[in-house]
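Chemist: Sequence and computational prediction follow.
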Amino acid sequence: MISMHHGCFEYRQKEPIFSDLNFHLNKGETLSILGPNGVGKTTLVKCLLGFQRLKSGEVQFEGQPLEKIPLKQFFRRVSYVPQARNVVFPYSVLDMVLLGRASAIGLNARPSKEDMDRAAAAVHRVGIAPLMHQSTRQISGGQLQLVLIARAIVNDPEVMILDEPESNLDMKNQLIILDLMEQLREELGLTTIINTHYPNHALRLGGKALLLGSGNRRDFGNTTDLINHETIRTYFHVDSQMVEWQDAAKTHQRIFPVGLAKEAV
Ligand SMILES: Nc1ncnc2c1ncn2[C@@H]1O[C@H](COP(=O)(O)OP(=O)(O)OP(=O)(O)O)[C@@H](O)[C@H]1O
């Protein structure tokens, strides 16, 4: 559904952020992008969305080069959850979520009852109904993150791209978002790309992982094959311990940092 072929990107007059990067994601799959601070995860996501242009190589959406797809058509099917930042306009939570319907409503038309109902349902789904009519300037960073996720799901997207959506959230809200992503994948076949600093979230979501490291190091493959003691040491210079347990459905794995690796890898 989404793929990158020989992707290279650099900011003006700087070292390449990545080069000859290749990966593909089928419909309904989840891709977790992991790597240390500043390695280029947000930049990569911006390239996938067309906000930044690759220096060479290509992003394809359903086999078509991204540049050939009209923007409006693309953003009807693909939604983006940026990192939560301060809100400039004093929209209410409901109005902010309604903005996610803009491509369906048209910029100057009034939202219909269906638009309002969809926005309210999205607000309920991420668990922030009591904030519905509050100004987005008067909510916390984590609450704003949930509003941005509600805005992203209001249009029933086929692909959702999230940039560190859980970083501002407490443990319960992190689980609400991970559960929601799993439900949307099962119910709607949603294809998801998530930048995350949590290897355990990637393990929980399953699917594919892309590890990015310094010196253009990268690995792409099944999350359960890729996340282990060795790769955590190589990519993050951290020693870790893996914990495994079984329930009726499957074996679960989680990995925990135990200290800085003694020697640089
Ligand atoms: N607009 C820009 N112009 C020039 N350099 C930039 C720009 N945006 C980011 N960079 C640099 O590109 C590199 C990658 O940044 P990016 O934000 O993609 O990393 P990241 O992996 O998402 O980081 P983090 O995990 O800290 O969010 C960093 O060295 C950053 O300083």
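Modeler: Received, thanks.
Chemist: Flag the shaky bits of the stretch 151-265 of the chain, pLDDT-wise.
Modeler: For the stretch 151-265 of the chain, applying pLDDT under 70 flags the ranges 264-265.
Chemist: So which residues of it form strands?
Modeler: Assigned by DSSP state E, counting those that start in this stretch, the strands in the stretch 151-265 of the chain fall at 159-163, 191-195, 208-212, 218-222, 238-246, 251-260.
Chemist: Note down every partner strand of the longest one and its orientation.
Modeler: Spelled out, that is strand 251-260. Applying DSSP bridges, strand 251-260 is found paired with strand 238-246 (antiparallel).
Chemist: List the buried residues of the partner strand.
Modeler: Val238, Ser240 (16 or more other C-beta atoms under 10 Å). Heads up, the C-betas are built off the backbone N, CA and C, glycines and all.
Chemist: Dump the strands of the stretch 151-265 of the chain into TSV; add distance to Lys172 as well.
Modeler: Below are those laid out as TSV (distance: least, C-beta to C-beta, whole Å):
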stretch	distance to Lys172
strand 159-163	18
strand 191-195	18
strand 208-212	25
strand 218-222	28
strand 238-246	21
strand 251-260	17
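Chemist: Would you mind giving those as a markdown table with distance to the ligand added?
Modeler: Putting the strands of the stretch 151-265 of the chain into a markdown table (distance: least, C-beta to the nearest ligand atom, whole Å) gives the following:
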| stretch | distance to the ligand |
| --- | --- |
| strand 159-163 | 7 |
| strand 191-195 | 6 |
| strand 208-212 | 7 |
| strand 218-222 | 12 |
| strand 238-246 | 15 |
| strand 251-260 | 16 |
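Chemist: Centre of the chain to stretch 61-74, how far?
Modeler: 19 Å (C-alpha atoms, centre = their mean, to the nearest Å).
Chemist: State the mean pLDDT of it.
Modeler: Averaged across stretch 61-74, pLDDT comes to 93.
Chemist: List the neighbours of it that are in contact with it.
Modeler: Met1, Ile2, Leu48, Gly50, Glu58, Val59, Gln60, Val78, Ser103 (C-beta atoms under 8 Å, 6 or more residues apart in numbering).
Chemist: For Glu29, which residues are in contact?
Modeler: When contacts are counted by C-beta under 8 Å, 6+ apart, Glu29 touches Met1, Thr191, Thr192, Gly207, Lys208.
Chemist: Correct me if wrong: the fourth one contacts Leu31.
Modeler: Yes. In this structure Gly207 lies within contact range of Leu31 using C-beta atoms under 8 Å: 6.5 Å.
Chemist: Please say which of those two ends up with more neighbours.
Modeler: Neighbour count, other C-beta atoms under 10 Å: between Gly207 and Leu31, Leu31 has more, with 24 against 20.
Chemist: what's the spacing between the more buried one and the ligand?
Modeler: 15 Å (C-beta to the nearest ligand atom, to the nearest Å).
Chemist: quick check, that residue in a helix?
Modeler: No. When classified by DSSP: H, G, I helix; E, B strand; the rest coil, Leu31 is found to be strand rather than part of a helix.
Chemist: That one reaches Thr192, doesn't it?
Modeler: Yes. Counting by C-beta under 8 Å, Leu31 does reach Thr192; the two are 7.2 Å apart.
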